[in-house]
Every structure is written in C-alpha cells, then in structure tokens.
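S.K.: The following block contains a protein sequence and its predicted model.
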Amino acid sequence: MAGRRDGRDDRGRGRRDFDRRNNQGKRHDKGWVPRREQSDKARLVAYDVLRMVADDDAYANLVLPREIRRARLNKLDAAYATNLCYGTLRLRGRWDAIISRCTQGRTLEDIDPELLDILRLGCQQLLGFNTPVHAAINETVKLARNELGQGAGGFVNAILRRVSERTDDWEDVIRASTASETEFLSVWYSHPRWVVEALAESLQANGRSADELAQLLEADNAPAKVALVARGISAETLREKIEAAHMESSESALMPNAVLLDSGDPHRLWAVQDGEAGVQDEGSQLIAAVTAGAPIAGSDELWLDMCAGPGGKTATLAAIATERGARIHANEPQPHRLDLVADAVEPWADIVGLREGDGRELGTEEAEQYDRVLVDAPCTGLGALRRRPEARWRKKASDVEDLTKLQSELLAAGFDALREGGVLVYSTCSPVVAETRDIVTRFLESRPQAELVDAAPIATSQAKREVTSVGRMIQLWPDRDDTDAMFIAVIQKKTKG
C-alpha cells in the first residue's frame, strides 16, 4: 500500500539537497550536522509542496511533479509523496479539528503555519495511512527538528502522541462536539461548510437524496485515476502504447476513447507528447463529445470554443472536426492559457484559429456565425476537488456571485454568436446550482429563441453506458460516475418566426 512505510531509510534516502529553496528564510537548516538523521526525502517533498501551496498560492498538481523530479524519488517514494501531499491537503479540515483538541489550550492560530503543516502530515500518516505509530511520529519529529529546530520537534512529538492515543475514537469525538450534522460533515469530510451546503442543494436539485451527501464528500476525498483520451488513434492502440512504456492501464468507466492510467507519469508517454492522446477527465471528454454530437440543421463547418484554456476540450473537438472537414475558433482571454491551447492543438493547427480576447465580445463581433458553440464557463471548480485538493480552501461563497454574472454574460454572447439551427453547449466543472441550472433557467426565460434540448440521449449516444438527465440537463458525480462533477446543458437556436 502506497500509504504505509516503516520509517527506515534506504541507503542514500534523505540526503540533503543543499541547493533547495530557502522557503523565504523560514527553514532553520544549518547544513550538515554531525549524527543528525536526515529527513525522509518523500516526506520532505510533501512538506515543501504544502509550503508552496500556502506561501505562493501554488497548485499542488503543478509543483509536485517538479519537486519529485528534483528530489530524484523512485517510483515507490514518488507515489508515497503524492499520496501524502494530496491526502494532507484534502483532509486538512479534519486534521486541524483533531490537532486543536490536542494542544492543551493553544489555538491553531498560535501555531506557526510551517509547524502546523508538519502536524497535518503527521496526522495523515497516523490516521489517514495507518502508518505504525512509532514510524509516523519518529519521521514527523525528525522532519520538524531538521526544518524548524529542536523545540519544534518536541512539540510535534507531544501533539502526535496525544493524537495516537485516540486513533479509533476521533470520528465519535468530532461528532459529539459539533452542533449539527452539517457541521460534522464539514469537519469530518474536510469541506468548508458553505461547500457542504451547496453540494446538498445540488443533490436535491438533481434528483438525488440528501442522504447521499456523505458518500459524495467521501468521493471528493478519494484519489482520482489519471484519465487519458485517445485523439486520432483508438483506445486499444493507446493501451498498447502505455504497455510498451512499461505502465499499466485499465478500462474507462464512461467514454469509449478513454483509458485510465493506473501508474506512471502520463507526460512521459510518446502518445501524449505527440498529441495522439491527452490527459482529460472522462466528464470533460463527454462535454466535447456532446458538443460535436448534438444534431443540428444545416451546415456544420465552423465551431467556437469560447473559453478554450487550457485546451483539452479544444484538442478533443479538433480531432473530431478534422474528420468532418470543420474548423474551430478557440478564444481565451489569458495569454498564458492561450499558449497552452496552442500547444494542445498543435497537431490540428491548420484547422484551429486562436484568438486572445474577451469571449463576451464575440456575440456582437461575430453574430450568428457558428454552427456549434461550446461555453465551458469559468467556475468555482468544485467539481474537480479530487484532482485539485487545495481548491476547496481557496474558494469563498462570495466568489459565486461574481462568477454567475460572468457565466450569464458568456452564455448570452455564445448564443448570439450561434446561427439559427445551431447548438450551444453550456458546461461547468461545478455542481453548484447557482452556476449551473440557475444560469440556464434564467437564460431560457429571457430568450424565446432558445430551446433546451434533452442532453441525455445525445450523451448516451456518445458514451459507453446510459447517461441520465434531470430537467433535460446532465449533472455528473464523482461518487456515481467516477468523473469530475461536470454539468452539461444543450441549447438550440430556433428559427425566428
């Protein structure tokens, strides 16, 4: 199991890389100290990434692979560092609640952030991984001493010993000390309370029971496999290329062109480097497939991806468009994200036109020009918490209001750019009702020419199994569909009169 280690260093493990970053002066490293044991390299990588997330607003999924390579971790240690880092980020709320009950009067605000991150790493090992107590505590204390000093090591030792004394009781302790079921779910499953409430609302709006909330929150805390999409090659060919690279894969759950990567770095695959495959969640793949597969009347020559960055959906659409003789215009307002789009669609550069600008301008500048339009709107991203564990701690309920205004404006502009008889797909990587159903419902009420098409038959025709809708709109779920929580609505522009 990737989450279990005995704490004993292999030969050479933990040797200090003296040109590591100084963490803005907060690391108390004085270089080599006689007879001091070196920190375990995998744990040190996890700690460093936690600090980058906290200090630099870094994204763990971007900086962790770099730090793993820099530390030259082997496959086993790389897997451990990944699970330790992501697990700690996901369950930070639970670990903080437990730590606060072991500090004997000190609040979490009284604990230095660097020290608190080390305590969280220790809780993840003790309670998340079931690492043997002596190994989890000794390795975490060693990390604290080496990074923050002897006093920090003693403090960590005392706290983690108190944590370990109630290993099997913490869920009951938290439940007994919270004022409501919602508060308990928020703390134990480590989601901000407003997110728990928003997910509960979404479950009910999408025909699910409130009793399923706990399993949804639990699914958000489960690691997601890397999903690949085959573009221009078959899924079977992609699996053969994965096997040839000495990696393992498994069958997809939803999409016929998807392959799940069980192990290994996807960016080391030649198929990914050459553009024959890409990293893309199966829910995201379904959005592209529905956009390309929805029936339309008349020509089918020009498509618009209004919010194209970072380019995964654009590339999947391009692989389909090239077989139909269609062209795609990809719009993205942020230059660095447009660069990512350009990289993603490089194999289809002859049929994809790139534009840097505000998508809201296209409704006026290119009115009724497009046969198909995809508005994959900027959103809170709460549908991808499995893959971006730190996102839950960065978003606020107040963010939703600003986003819904932008989402409504993008949807309106996309519809204005759509010709009569064409189809528009509105999608988000969020299940929040305010970002999904409410946006579409208000839009339909204001636009008599807009007709909501049942997305379920279209999606089912593109998928490996039946996809259902509620009110003609699709909401995917990590616990039910093993995808990110993607929302999909299909809107057709009726002929005037």
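M.R.: Yep, that arrived.

S.K.: average model confidence for the one helix or strand L260 maps to?
M.R.: According to DSSP states H and E, L260 maps onto strand 258-261. pLDDT averaged over strand 258-261 equals 98, rounded to a whole number.

S.K.: gap between it and the chain center?
M.R.: Counting by CA atoms, centre = their mean, to the nearest Å, strand 258-261 is centred 16 Å from the centre of its parent chain.

S.K.: list the helices and strands that strand packs on?
M.R.: With contacts defined as 3 or more CB pairs under 8 Å, 6 or more residues apart in numbering; DSSP states H and E, strand 258-261 has these neighbours: strand 226-230, helix 235-244, strand 249-251. Backbone N, C-alpha and C define where each C-beta goes, glycine included.

S.K.: Need the single longest helix in this structure, by residues.
M.R.: Secondary structure of the chain per DSSP state H: the longest helix is helix 397-417.

S.K.: how about the strand holding L260: buried residues?
M.R.: Of the residues in strand 258-261, those with enough neighbours to count as buried (16 or more other CB atoms under 10 Å) are 258-261.

S.K.: ditto for stretch 241-251
M.R.: Taking 16+ other CB under 10 Å as the neighbour-count basis, stretch 241-251 is seen to contain the buried residues 241-242, 245, 247, 249.

S.K.: ok, and what's touching that stretch?
M.R.: In this structure, residues lying in contact with stretch 241-251 by CB atoms under 8 Å, 6 or more residues apart in numbering are 225, 228, 238-239, 259-264, 268-271, 276-277.

S.K.: Stretch 429-442 too?
M.R.: Around stretch 429-442, the neighbours that count as contacts under CB under 8 Å, 6+ apart are 198-199, 201-202, 205-206, 283-284, 377, 379-384, 400, 403-404, 407-408, 411, 426, 428, 452, 471, 473, 475, 477, 484-487, 489, 491.

S.K.: again, but for stretch 387-405
M.R.: Taking contacts as CB under 8 Å, 6+ apart, the residues outside stretch 387-405 that touch it are 53, 57, 59-61, 86, 89-90, 92, 190-192, 194-195, 198, 220, 224, 281, 377-382, 384-385, 432, 434-435, 438-439, 484.

S.K.: How much space separates the closest residue to G359 other than its chain neighbours from L406?
M.R.: Nearest residue to G359, sequence neighbours excluded (CB to CB, 6 or more residues apart in numbering): M306, at 4.2 Å. For M306, the distance to L406 equals 12 Å [CB to CB, to the nearest Å].

S.K.: Of those two, which one has the most company?
M.R.: Taking M306 and L406 together and counting by other CB atoms under 10 Å, M306 has the greater number of neighbours (27 against 16).

S.K.: Can you verify my assumption that the more buried one contacts A413?
M.R.: Yes. With contact defined as CB atoms under 8 Å, M306 and A413 form a contacting pair (7.4 Å).

S.K.: Next, show the common contact partners of the two.
M.R.: Common contacts of M306 and A413 (CB under 8 Å, 6+ apart): 359, 362.

S.K.: so for stretch 127-139, what's the average pLDDT?
M.R.: For stretch 127-139, mean pLDDT rounds to 95.

S.K.: Name the next helix or strand downstream of whatever helix or strand L354 lives in, please.
M.R.: Element membership for L354 (DSSP H and E) is strand 352-356. Along the chain past strand 352-356, the next helix or strand (assigned with DSSP H and E) turns out to be helix 362-365.

S.K.: Would you indicate which residues of that following helix are buried?
M.R.: For helix 362-365, a neighbour-count test (16+ other CB under 10 Å) marks 362-363 as buried.

S.K.: The following helix or strand past that helix vs helix 397-417, what angle?
M.R.: Per DSSP H and E, helix 362-365 leads on to strand 370-376 as the next helix or strand towards the C-terminus. What separates the directions of strand 370-376 and helix 397-417 is an angle of 180 degrees, with axes from the mean of the first three to the mean of the last three CA atoms, to 10 degrees.

S.K.: Residues touching strand 370-376, excluding its own?
M.R.: Counting by CB under 8 Å, 6+ apart, the neighbours of strand 370-376 from elsewhere in the structure are 287-288, 291-292, 294, 296, 298-307, 313, 317, 326, 329, 359, 410-411, 414-415, 417-419, 422-428.

S.K.: ditto for stretch 331-342
M.R.: Contact partners of stretch 331-342, identified using CB under 8 Å, 6+ apart, comprise 304-311, 314, 330, 349, 354-359, 362.

S.K.: same thing with stretch 176-186?
M.R.: So stretch 176-186 is contacted by 93, 101, 174-175, 187, 191-193, 195-197, 200, 213-214, 217 (CB under 8 Å, 6+ apart).

S.K.: circling back: now, among the buried residues of strand 258-261, which is nearest to I111?
M.R.: Top of the list for closeness to I111, among these and by CB to CB, is L261 at 38.1 Å.

S.K.: Tell me what that closest one is bridged to.
M.R.: With beta bridges defined as DSSP bridges, L261 has these partners: V226, S249.

S.K.: okay but it is in contact with L228, surely?
M.R.: Yes. Counting by CB under 8 Å, L261 touches L228, with 5.9 Å between them.

S.K.: about what we covered before: for the helices and strands packed on strand 258-261, which one sits closest to A367?
M.R.: Short answer: strand 226-230, nearest of these by CB to CB, at 32.3 Å.

S.K.: Can you pull out the low-pLDDT segments for the protein?
M.R.: Using pLDDT under 70 as the threshold, the predicted model of the chain has low-confidence ranges 1-36, 497.

S.K.: about what we covered before: export the buried residues of stretch 241-251 to CSV and tack on distance to V133?
M.R.: What follows is the buried residues of stretch 241-251, written out as CSV (distance: CB to CB, whole Å):
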residue, distance to V133
K241, 44
I242, 39
A245, 39
M247, 35
S249, 36
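
S.K.: hang on, the earlier thing: which pair of the buried residues of strand 258-261 spans the longest distance?
M.R.: Going by CB to CB, the two entries of the buried residues of strand 258-261 that are most distant from one another are A258 and L261, at 10.3 Å.

S.K.: what's the overlap in contacts for those two?
M.R.: Once CB under 8 Å, 6+ apart is applied, the residues that A258 and L261 both contact turn out to be 227-228.

S.K.: What residues does G471 make contact with?
M.R.: If you count contacts by CB under 8 Å, 6+ apart, G471 has them with R437.

S.K.: Numbering from 801 from now on, please.
M.R.: All right, first residue 801 from here; so that's G1271.

S.K.: tell me the phi and psi of it?
M.R.: Comment: the main-chain dihedrals of G1271 come out as phi 60, psi 30, following degrees, to the nearest 10.

S.K.: Ok, G1111 next?
M.R.: Dihedral angles for G1111 - degrees, to the nearest 10 - are phi 110, psi 0.

S.K.: about what we covered before: relative to Q950, which of the buried residues of stretch 1041-1051 is nearest.
M.R.: Compare each of the buried residues of stretch 1041-1051 with Q950 using CB to CB and the shortest gap goes to M1047, at 43.4 Å.

S.K.: Just say helix, strand or coil for the closest one.
M.R.: coil (DSSP: H, G, I helix; E, B strand; the rest coil).

S.K.: cool, and T1295?
M.R.: coil.

S.K.: Cross-check the contact I'm expecting between it and G1221.
M.R.: Yes. The pair T1295 and G1221 qualifies as a contact (CB under 8 Å) at a distance of 6.5 Å.

S.K.: So for the two, which residue has more residues nearby?
M.R.: Here T1295 and G1221 are set side by side on neighbour count (other CB under 10 Å), and the busier one is G1221, at 14 against 8.

S.K.: domains of the chain?
M.R.: The record assigns the chain these domain ranges, following automatic domain parsing: 841-964, 979-1020, 1026-1079, 1082-1293.

S.K.: just to revisit the earlier point, buried subset of the contacts of stretch 1131-1142?
M.R.: Among the contacts of stretch 1131-1142, those classed as buried by neighbour count (16+ other CB under 10 Å) are 1104-1111, 1114, 1130, 1154-1155, 1159, 1162.
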